[in-house]
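**Student:** Quick one: sequence and predicted model below, then my questions.
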Amino acid sequence: MAVKGLGKVDQQYDGKDVKVGILHARWNNKVIDALVAGAIQKLKEFNVREENIVVESVPGAYELPYGTKKMFEKHGVDVVIPIGCLIKGSTMHFEYICEAVSTQLMQLQFQLDKPVIFGLLTCLTEEQALLRAGVLPGMHNHGEDWGACAVEMVLKWK
Ligand code: DLZ
């Protein structure tokens, strides 16, 4: 059966000189904490040194694009993993924030010529989010994918 998630890595990446910023929102913190832990664990598996992983937070997902830009300026990182979790409510709030944040994160890559990983869960229910953070059994922790993706996106184009 096909397994969703990152396929096998195309080559061995050694992240010993890669500097990574993780910027996480503080909304839905149970999900966020697991995603951040998953990303850090995978970065370490790729040999990224602890002192080269900078973690900062912002209030919510809406703040991620501006904060991501600032992470590059303030910390001189090679890549940023913005991590957020949006859960649909009863108004249009979810749609506006999902659209604005994903568009801005994509554009930032071209403005800054730096990789920005899409670490945003956009879920219809809390259960969907907990599954994708590996908190509930049945799915893997997507933060791990984002950690692997960050190292590859820095080293592949060097
Ligand atoms: C206001 C809001 C709502 C309703 N839902 C979420 C959410 O599910 N996930 C998230 O990260 N942030 C949420 N926020 C907060 C906004 O992202 C933002 O922090 C505030 O509107 C202030 O700009």
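**Tutor:** In hand now; what should we look at?
**Student:** Retrieve the pLDDT associated with the residue of the chain found nearest the ligand.
**Tutor:** Across the chain, no residue is closer to the ligand than residue 60, which sits at 2.2 Å (CB to the nearest ligand atom). For every residue, glycine as well, the C-beta is placed using N, CA and C. Here, the pLDDT recorded for residue 60 equals 98.
**Student:** Tell me how many other residues crowd it.
**Tutor:** For residue 60, the neighbour count with other CB atoms under 10 Å is 15.
**Student:** got a list of what it touches?
**Tutor:** If a contact means CB atoms under 8 Å, 6 or more residues apart in numbering, then residue 60 has 25-27, 84, 97 as its contacts.
**Student:** Same question for residue 149.
**Tutor:** By CB under 8 Å, 6+ apart, the residues touching residue 149 are 6, 117.
**Student:** quick one: it from residue 38, how far?
**Tutor:** As for residue 149, its distance to residue 38 is 12 Å (criterion: CB to CB, to the nearest Å).
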